[in-house]
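Student: show me how the following folds:
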Amino acid sequence: VQLVESGGGLVQAGGSLRLSCAASGFSFDDYAIGWFRQAPGKPREGVSCIRKAGGSTYYADSVKGRFTMSSDNAKNTVFLQMNSLRPEDTAVYYCSIDSRMWCSAPDYWGQGTQVTVAS
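Tutor: Purely as a prediction, here's the structure:
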């Protein structure tokens, strides 16, 4: 299994970024796929998750209405479109997969991509 994130960077508050996670070594139908983030000095938190076998997507309250998660199963890639970014969105963002129905305890993680939102 390999998960490789990209698309992070520095953006002004109110701006947008699109994160990508290129996945290989497993079938999207067999795992829930999610995005987590970890800010300095804070625990890792769930941001968004596509349920195993699709059909439903979870968003944390803090990003609801601003972030959109999607997947391109043909390209084995998932995306996180982040709009109206805020300084508190600054964190390392990780892609993950979980063999359970939702992203409760991921089995695999990517290496992370840094997102920095300047005020």
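Student: count of neighbours near Lys75?
Tutor: Neighbour count of Lys75, defined by other CB atoms under 10 Å: 10. To be clear about C-beta, it is placed using only N, CA and C from the backbone, and glycine gets the same treatment.
Student: gap between it and Cys95?
Tutor: 14 Å (CB to CB, to the nearest Å).
Student: any idea where the helices of the chain begin and end?
Tutor: Per DSSP state H, the chain carries no helices over any range.
Student: spatially central residue for the protein, please.
Tutor: Trp35 (2.4 Å; CA atoms, centre = their mean).
Student: contacts only, for the nearest residue to Gly25 once chain neighbours are set aside.
Tutor: Nearest non-adjacent residue to Gly25, counting by CB to CB, 6 or more residues apart in numbering: Val1, 4.1 Å away. Shown in contact with Val1 (CB atoms under 8 Å, 6 or more residues apart in numbering): Ala23, Ser24, Gly25, Phe26, Ile97, Asp107, Tyr108.
Student: what is the neighbour count of the fourth one?
Tutor: Counted with other CB under 10 Å, the neighbours of Phe26 add up to 17.
Student: show me the contacts for it.
Tutor: Counting by CB under 8 Å, 6+ apart, Phe26 has contacts Val1, Ile97.
Student: over to Gly14?
Tutor: Ser84, Leu85.
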